[in-house]
Each structure stands twice: as structure tokens, then as C-alpha cells.
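Got a predicted model here, sequence first, then my questions.
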Amino acid sequence: MTRYYLWLAARSLRSSPWLSGLMVIAIALGIGAFMTCYAIFHAMAGNPIPHKSDALHAVRLDNWSADQPWEEPNVPPSQMTYRDARFLAEAGRARYQTAMFRIGVAVQPDNPDIKPLFSVGRLTYSDFFPMFEPPFLYGGPWTREQDAARSPVIVLSRELNEQVFGGEDSVGRKLRLDGEEYTVVGVLDTFDPLPRYYDVINASAFGDADEYYLPFTLNDHLQKRPMGNNSCWKNPPEDTYQGYLDSECVWVATWVQLDSRAEREAYQDFLDNYVREQKTLGRFERPLNNRLDDVMSWLEAQRVVADDAHIQLGLSFAFLVVCLLNTVGLMLAKFLRRSGEVGVRRALGASRAQVFCQYLAESGLLGVGGAVAGVGLAWLGLAVVRKVSPDMAVLTQLDAGLLLFALLVSVLAALLAGLYPAWRACRVAPATQLKTQ
Amino acid sequence: MEIRPILSTVLRNPVGLILIGLQVALTLAIVVNALYIIDERLANLRIEAGVDEEHILTLNSAGFASDFETTLATIHRDLDYLRKRPGVVSAMATNTLPLTQSGWSTEVEAQEALDGRSIDTAIYFADETLVETLGLDLIAGRAFREAEVEPYSMDQELRSTAVIVSAAAALALYPEIDRPEQALGRLVWNGAENDRFSAEIVGIVDGVKAPWKGLSSDIFDHVVYVPKVPVIANFGIYAVRSEPGAFADLLQNIQPELAELDTQRVVMEPNAFPEIRERFLRGDRAMAGMLITVVVLLLLVNILGIVGLVSFWVTQRTRQIGTRRALGATRGNILAYFLVENALISAMGVAVGIVAALALNNWLVSAFGVDRLPWAFLVGGAAGLLVLGIAAACVPALRAAAIPPAIATRSV
Amino acid sequence: MLTMNNLSKVYRTHLVETHALREFSIHVEEGEFVAVTGPSGSGKTTFMNIAGLLEEHTGGSYELDGIEVSGLSDRRRSAIRNEKLGFIFQGFNLIPDLNLFDNVDVPLRYRGFNASERRRRIESALEQVGLASRRRHFPAELSGGQQQRVAIARALAGEPRILLADEPTGNLDSAMARAVMEILEGINAAGTTIIMVTHDPELAARARRNVHIIDGQVTDLSSSFAGTPVGAAVASA
């Protein structure tokens, strides 16, 4: 019977191409605008590492001024002091942990044909790799032992490896940065979690990846300043680099992997005890306010989804609703114009339910048409966004999941819009229709 | 024309009322709020950075060696080259430029005591060429003197004895003055509680912007220049102003020229200020574009909806209209009937829409810190939508008016 | 075959009650050909609508082919219409978007026959009314008489027990009307009960029994009067 309804629906749509076209356009505009915004929102709000997003935690300690919080209401700083971060990273109390910050260096390739280049990378611990699971093309991460030994080793991004070594397996090769030599131990494949959750503070959450990774412990003699946010609420104890490291300035990110609730609770206790101990040394003037956020709550706390994206999604949804109201009106007009046919069908033995289904099928078919045209419009819309904001290009993908979602929303919306008109159609009194023909 | 019978017809079959009314209401709510946001964003697009935007570029150098002396020497050599280069008006070392979204900020006070007037402000580094290099509007005082300018390393506390401030920062810092010029010679305080130091305001510049917009504070207009050459690790950051007509050439050639000057470093791609501005405004432009699209489509869909439904009613009532015509109604009466009917429905929609618009605005205010909707937008939007609704209804109403009275007597 | 007992039908609005049928009783035997006559507003159409299960009655009982239909669900009533009843209307009421084949197909679809069964029935029904060769044509391409023959084919395809015809020749000229009437008589001869509303005394005369409705009540004119001037006189009154 469904096939019969769909066949009838197709005939009916063809028989009034203008009205049908108008309805498809109305649905398509709504779906197109909504899907354009939804695709961007979806990419922004996506889970970048679904299989362990609840195990990875950003750590925050509240070392801010007693007079005022880092941010109202009582929000601890989103990064940590060097000394605290380093202590936590080396305490080894979680399954994995790392402290990290971004640096910029001048890369000096051995090959004289390749010009020196400025490159942004990350000082971190070897645990970075098992925690965030970047895929390796060649080699692998360095070891915890190499962390401790301050070994001059480096992991390259696929891109930097292509620039400097022409993309070949460079494991074991040497690379000079800022005048110092490092041994390549690994080369990553493309590593583009979306959003780039492990550092949304210092780089755009949807921006470029780090080009290399170096052991954090090398900073003992590199003495790098961070390429990123640095906030201080009081001056360093002395005017030296060491003074900066010992200061209450926050600029280092700390992440830990905690696989169970028990581990998490134990780690929270560990943090609180650490801060209590530091309080006895005159630090941490504020009440205990140490936070462990898993990936999704961290992204939420850092407002990774832009306000504009929320507003756009909301308004485009309202637009979709207006388009649907419009469609309800048009369907009502279309269906009731055929009251005579309903009367005949009822007389010939169609039950109300059957008439209702017939018209609902027509709505559904309109929904499919709206989805196809709407996805086309969304594709166009996203292309325009790409053109206007190249930095948002990664957010403008329409994958199979989104296409299916668009189809689902469109058909559901059309069915919803068709409910009332179809109901009205099936309530048509057959007797009056048959006589007035 | 009597309104009451039309109103009672509308109320007796409320489906049309609900459909069109809801459409109009939602449209009004969205359009008014969207227009307000669009207005704000378009205003943002007209922002002026307070510098000679068309002729400024910025350029970074990163040395292989990161010691202070080498880096400072590189900076001096680069600046010498830049200042002598044909086509360059002036150049200086700085930390950042307006609208770059990255830079330094601090809190400064109007007096030595910490508990008095204070503002958040952006900190820029500059030398004696500041006014020339950025093309600033110096409305009072003087530029820095060469003797005041010192190199600064990141390990030092940032102290200076002279500063140039933006007019907005001066007014914010000293609420008792009427004109920014009156801040000249006053002291700006900074430093920790037991280690306060002050700098004299030697110059006041107008209109220059901070690198970013503060979310809550009005830091965007607050700027303090300190007479320092920043030696930030191995970096040299330069602002260069070109002569008119020489900008494109400079943008294209300056990187290789500097790279050749000193091979023990990397010179990065220069950034033209217009490009910095474009990046700064991208979000606003995208938002405005998106909202304008939605508003236009929304109005279009509304017109289509009203035309569609009123057409349907006209078709449904063809007989009735013919009868009325036969009983003496003029074309004008029929036209007026449909227009009044639509105006009534639209008006009810608009009434609901005003409430919905305020509710939507409330949500935007509380969730996203959007400003409160001015009444003018609401009133203008409501009136505009009413007119649009009636205009849309004209199309089918004219068709209704053209129905001949003979229809009434035709049997089938 | 069809028995109505003390049946009543009241239309209510919030101001008025209209009694369309009052204490309406009628019995139709299997195989009868009944002509229903009466002035306009007498309740003929209401009677046909209730007999055809297009409207529900408000009181009394109605038994159709052994089934008491009072209070049945819409689904049951629709199924009964589909299986036991055939309709022919004054305005033909073919679906303009569908060709003849698909028009005749409509009731068979709701009956749930499979494709080959439907094809067989459609072809034989169209054959019966002499339009098999035009099954791909659309209603607008046919004359009124042809359209009415398609409507008859559509009514017959489901092999109904009763055929309800409401002014089947009202929109036709007399030649076409005669042709349609002949077909109806043929159907009746083959055993299908027919109830026909008509204004036309000549047609009424050709029925085996005449029923006259005035003010929502039945005046049964015995079949012995059929063909006499009495029936004609009443019908034309």
C-alpha cells in the first residue's frame, strides 16, 4: 500500500508543479539554512576523541589572587604555573600525565636548498602520545626515560617532515632548531582532532596543528617563553627567567588520563593535598578550587563553540519553523483543493486512516525533495562560508552522517507539517464532496 | 468597511489566523533581533584602528641564536635597513599592532594607592618614530625622545618614566577631566603594592585601538605606549609604514631583502595591515552575512506564504465572492475585504511577534551578552512587517476583485 | 439485503436541529432494482448517504447484508463500503489525475488484491462497459456517457452486492442516459441489487420498485404500480 501512496503522491506533485515546487523550495530553504549552521555547530561541538573523552582530564589549580578570582564566578585559571604543572607531570600519580606549552623556533634544515623556516611546536612529556593518540607514520614517541634524561629528541608532524625531509622516513635523522641539534624519533601522520581539545587556549580550537614535539624537560636549558597566553596577577619574585618559572604566572597546560571514577577521586584528593601543602608555604591564597574536567566539559567550560554559532543555529532553526508553517499552509491549500478526490476514495472504501496515510506519504515525499534541494543549498551555504572565512574551512564539511541527518530532519519536518493538512483531508465529509462535484 | 464581521469570520476559522499569525510573529521576532545584531556587526566593520591602515605592514624575524645582544643587534640592523629603504616612511620595533588579536595588557592606576581608579589597557612598545611609523593622530604633547627609548628584555619588569596614552584611556583614567588633553603631564601608576612606580603622560593620541576587544571591559580603546624596544627572546617584530604607491612593492620584496641582510635567522612573511583588519572583522562579516541571508529569505518565505494562503482562500470563496458581487459589492469592496482580513491577521501576528521578539532578545541578552533591543527596531520592524503582509495579500486580493458576479449563478 | 428500521437522521448546529429522516423504515430484497424519488430536500440524498455508509444515522437500526452497521468503526464501515457497495454519481466523480485503468483500480487497491487479480478485474470491468480499449485515456478525454460507464466499471470491479446510483443520468443527454440505464439493467439482471435516486419518471418507471420519500419518510409504491402514470405523477410533483 505504501508504494501505492508514494505513486499517488508523485503523480499529485507532478500535476501541480508550481505549488509542489513552492513547498519544496520552502522546505529546502529552511533545511538549507539550518543544515549550514548545524554543520558548523556540529563540527565545533563534536567529540574529538569519543573513545576516551571521559578519561582525559584538564587539570586546573586556583593559584589566583585572594582579592579576585581569575574570572567570575570563582573560576580557576585555565592554565597553570610552570612549577605546579611540572610537579604534577613528574609526580606520576595518574596513568598518564603531561604538562605542555607551545614554542616557536627557527628550523635550519641541513639541505641548503631548503630555506630556514619559523615553526611552532610543543614542549610536552612522552605521555602526550599515549594520551592523545596521534597516529604515527614513522617511528614512535620518545620514552619516559628520555624525558628524565632530557634527551634531544623530536617528533615531527607530517607537514614539517615533508617540508624538511621531503616526506621520507626521517627517523634517526638530525634536525637543527634554534642552533641545537635533535634526533628524529617519530613522524606523525595527519593529526587533526576537531576541535583541538588539548590546547584550545593558545591556538584556535580549529586551527593548525603543532609542527613538532620536544621533551618538556629540555626547557631546563632552552628557557623558552610560551607562544601563547600568559597571565600574571603579581610580579615574578625576581627579574630573571628563573623568576618567571617560579612566578604565579600561568601559561602551562596540564592533562591527565584517569580511567575510572576511583582514579579520578584519588587524583582529586592528590591535587587537594598538594595545594594544602603549598598553602603552608604561603601560596594558593584562595579557598580550595581545583578542577578536573573531562574533554567535553572542558570544551564547554572554555566556550569552544562560539556564541555566534549558537545564535546562528537558533535563528536558523526558527527560520526552519517559519518555513514549515508556510508549508503547512501550502499543503492545506493543496490537499483541500482535492477534497473531491477524497470523497470519491472514501466512497470507494478508503478508510480515514488510509486517506491520512496517502497524504502523509505525499508530505514525506515533499520532505525528501526538500532534503535533496536543501542539502544542495547547505552545500552552497558552506562553500560561501569557506570563501568568507577560510579559517573556518575545517568546520564546513558535509559528511554522510550529516546528509542522513538532513534527510531525517527534512522528512520528519515535512511529515510534521503534513499532519494537520492530512488530518483535515481525511476528515472531509465524503457525502458533501460527492454531491457538489 | 465594517471590521467586526471580518473579524468574526477570521475567528470562526482560526487555522489561517494561526498559520499566518504564527509565521508573522516568528518572523518579527527573528527579523528584529537579527537586524539589531546585523546593525551592530556592520558598525564593527567600520571600525578604524587609528593608524594609517592602508600603508602599514608588520614583519617578524626569529634568530637562530636567542641571546639578548645578538637579537638587539639584529633589530638595530634591520631597522637601519628599513628606515633607509626607498619607499619606507618610517619603521620601528614593537610588540604588536592594533586588531592583531594578540598582545599585552595590564591594569594601570590613576594614583599611587591601589584602591583607586584603575583601567585595563593594552600595552604597546614604541620608539621615537611612533607617531610617524603608525601615522597616529597626536592631539597633545609630544612623541618619545630618542633618549627615553631603551631596549627591554622579557626578564625585566616593565618600567618606564614616560608614556603616550590614547585619548579614551586618559578620559577613563581621570574621570574629572573634560578633554583628553588635560591628562597631559599627569602620572600613570603601575607595579606591585610595595613597589609602585609612575610614568608621566607625555603625549595623547586619538582613536588608536587595542589588539583585541575585551569581553567585559572596554579595553578596545585603551592604549598605553611605552618607550621600549622589545627584545622578546630571539624575536624582532617590526612595524613598517610605506609611502603611498610603494606598499605593494614593499610587501612583496621586504622579506627576501631582510633575509639576505642576515642569514642567521628566519624572516617570516609580512602581514599587510588591511589583511590584519580583514582577519579581525571576519567573524562579524560572516555573522552579518549569515543573518542578512536569513532575514531576506525569511521575508521572502513570508510573502510566499501569505500569497499562497490568501490565494487558497480566494479559490475557496470564489462562489461567495461572486454572490457578493452579484448583490452589489464593488471590486473595491472585495479588495478591501481581503486586505482588511489580512491586516487583522497580520496585526495579531505582529502583536504576538513583539512579545516573542522581546523574549528572544531576553534570551540573547542573558545567554550571549547581546545588547538590549532598542524600541525603534521593534516599532520599525512591526510596521514594516504589517506593510509587507498587506502588500503580499494584494496579489491574490486583486485576483479576487476580478472575479465576475456571474460565477455565483453558474451551477457547476 | 438492506433493512432500515425507524431510522432517523438529525443535523444539529448550535442553533437549529433539522430532521432529515424520521422513523424511516425500508426493506430491500436481494436482486431488487429500486428507484427512489422525491422532491429536493425530501431526504433522498440523506437516505443514499446513510445506505452507502457515507454518513451515520442518529437513531434506529440499519442492517446491511446481515450486518448491523450502527456504531461500527470507520475502518469497518470503509471495508463494508469497499466490499459490498458500489457507487455511481451524477457527476461521475472520476479522479481527473488518473487514467481509466487507475480509476477502476482505486477500490481494488483498498481491497488489498494482488496485482494480477486487480488487472484481471479492471480489464473485465472495462470490457463490460465497452471501454477496454481506452484504458490509458484520462477522464477529460471522454464524453459524459463514457465517463459514467467508467464509473460503473469502477463500481462493478469489486463485485458489490448493492449498487447505489445517485442521479446516474442527471448530467447526460437522453441517448446516453438510455445506454447507461441499459447497462444498469444488465447488472441487475445478473443479480446485483440496485438502488437508484432519480428525478426522471421514465427511468423510475423502468425500475422494478419505486420508493417515494417526502419529508424524510417513505411512501412505498408497490411494484405493481410500476410503469403506471401514478409513479410518474408523484415523481414529477
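Alright, I've got the coordinates.

which residues sit in contact with B:G207?
Neighbouring residues of B:G207 by CB atoms under 8 Å, 6 or more residues apart in numbering or on different chains: B:E48, B:G50, B:D137, B:S166, B:A167. Quick note: C-beta positions are derived from backbone N, CA and C, even for glycine.

How about the residues of chain C by chain A?
Listed as neighbours of chain A in chain C under the rule CB under 8 Å from any CB of the partner chain: C:45, C:49, C:52, C:54-55, C:74-75, C:77-79, C:81-83, C:85, C:87, C:89-95, C:97-98, C:106-107, C:109-112, C:154, C:158, C:166.

Pull out the buried members of those residues.
Listed as buried from the residues of chain C next to chain A are C:45, C:49, C:52, C:54-55, C:77-79, C:81-83, C:85, C:87, C:89-95, C:97-98, C:106-107, C:109-111, C:154, C:158, C:166; burial here means 16 or more other CB atoms under 10 Å in any protein chain shown.

Select from those every entry located in strands.
Counting by DSSP state E, these place C:L85, C:F87, C:F89, C:D166 in strands.

Of those, which is the nearest to chain B?
C:F89 (12.7 Å; CB to the nearest CB).

Please read off the pLDDT at the closest one from the model.
At C:F89, the model reports a pLDDT of 88.

now do the one 4 residues further on
Model confidence at C:N93, given as pLDDT, is 89.

what separates it from C:P168, distance-wise?
Taking CB to CB, to the nearest Å as the measure, C:N93 falls 11 Å from C:P168.

Run through the residues that contact the closest residue to chain C within chain A.
Going by CB to the nearest CB, chain C is nearest to A:G349 of chain A, at 2.3 Å. Contact partners of A:G349, counting by CB under 8 Å, 6+ apart, are C:S78, C:A79, C:R81, C:N82, C:E83, C:L85, C:P107, C:Y110, C:R111, C:G158.

part of a helix, is A:V155?
No - checked against DSSP: H, G, I helix; E, B strand; the rest coil, A:V155 lies outside a helix; its state is strand.

That one is in contact with A:Y213, isn't it?
Yes - if you go by CB atoms under 8 Å, A:V155 and A:Y213 touch, sitting 4.3 Å apart.

just the helices in the stretch 101-250 of chain A please.
Here the stretch 101-250 of chain A has its helices, by DSSP state H, counting those that start in this stretch, at A:128-132, A:144-148, A:158-165, A:219-222, A:241-245.

Kindly report the same for chain C.
C:44-51, C:74-84, C:100-111, C:115-128, C:144-157, C:174-189, C:201-206, C:229-236 (DSSP state H).

which one of these lies closest to A:Q278?
A:Q278 lies closest to helix C:74-84 among the helices of chain C, at 76.8 Å (CB to CB).

Phi, psi for B:G245 please.
For B:G245, the backbone dihedrals (degrees, to the nearest 10) come out as phi 90, psi -20.

what about the chain, any weak spots by pLDDT?
Just going to use chain A. Flagging of chain A using pLDDT under 70 yields the residue ranges A:436-437.

my bad, chain B
Scanning chain B with the threshold set as pLDDT under 70 gives B:1, B:215-217, B:408-412.

any chance you could map the helices in it?
Counting by DSSP H, chain B has these helices, from start to end: B:3-12, B:14-45, B:68-84, B:130-134, B:167-173, B:247-261, B:273-316, B:318-326, B:331-368, B:375-401.

Can you tell me which of the ones you listed is nearest to A:D147?
Counting by CB to CB, A:D147 lies closest to helix B:68-84 out of these; the figure is 29.4 Å.

what's near enough to touch the residue in chain C positioned nearest to chain A?
When you check chain C against chain A by CB to the nearest CB, the closest residue turns out to be C:N82, at 2.3 Å. For C:N82, the contacting residues are A:L348, A:G349, A:A350, C:P107, C:Y110, C:R111, C:G158, by CB under 8 Å, 6+ apart.

got the buried residues for stretch B:259-269?
Using 16+ other CB under 10 Å as the test for burial, stretch B:259-269 gives B:A259, B:L261, B:D262, B:R265, B:V266, B:V267, B:M268.

What parts of the stretch 151-300 of chain B come near chain A?
When proximity is defined by CB under 8 Å from any CB, the stretch 151-300 of chain B lies next to chain A at B:154-157, B:191-192, B:195, B:232-234, B:259, B:265-266, B:268, B:279, B:282-283, B:285-287, B:289-291, B:293-294, B:297-298, B:300.

swap the cut-off to 6 Å and go again
Residues of the stretch 151-300 of chain B that fall close to chain A, judged by CB under 6 Å from any CB of the partner chain: B:154-157, B:192, B:233, B:266, B:268, B:282, B:286-287, B:290, B:294, B:297-298.

now do the stretch 1-150 of chain B
Going by CB under 6 Å from any CB, the residues of the stretch 1-150 of chain B near chain A are B:L19, B:L22, B:Q23, B:L26, B:T27, B:I30, B:A62, B:F64, B:A65.

I'd guessed the fourth one sits against A:V322; true?
Yes - judged on CB atoms under 6 Å, B:L26 makes contact with A:V322 at a distance of 5.0 Å.

Which one of those two is surrounded by more residues?
Per other CB atoms under 10 Å in any protein chain shown, whichever of B:L26 and A:V322 has more neighbours is A:V322, with 26 against 23.

helix, strand or coil for that one?
Secondary structure for A:V322, judged by three-state DSSP, is helix.

gap between it and A:L29?
A:V322 is 10 Å from A:L29, by CB to CB.

re earlier: how about the helices of chain C in TSV, adding mean pLDDT?
As requested, these are arranged in TSV below (pLDDT from 0 to 100):
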stretch	mean pLDDT
helix C:44-51	90
helix C:74-84	92
helix C:100-111	92
helix C:115-128	93
helix C:144-157	92
helix C:174-189	90
helix C:201-206	86
helix C:229-236	36
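
Of those, which is nearest A:G243?
Closest among those, using CB to CB: helix C:74-84, at 86.3 Å.

residues contacting A:T183?
A:V153, A:K174 (CB atoms under 6 Å, 6 or more residues apart in numbering or on different chains).

re the thing from before, quick one: which of A:V155 and A:Y213 has more around it?
A direct count of neighbours by other CB under 10 Å for A:V155 and A:Y213 places A:V155 higher, at 31 against 26.

and that one, bridged to which residues?
A:V155 has these beta-bridge partners by DSSP bridges: A:G186, A:Y213.

Generate a PyMOL selection restricted to the buried subset of the residues of the stretch 1-150 of chain B next to chain A.
Selecting only the buried entries of the residues of the stretch 1-150 of chain B next to chain A in PyMOL, with 16+ other CB under 10 Å as the criterion:
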select buried, chain B and resi 19+22+23+26+27+30+62+64
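
That concludes my questions; thank you for your assistance.
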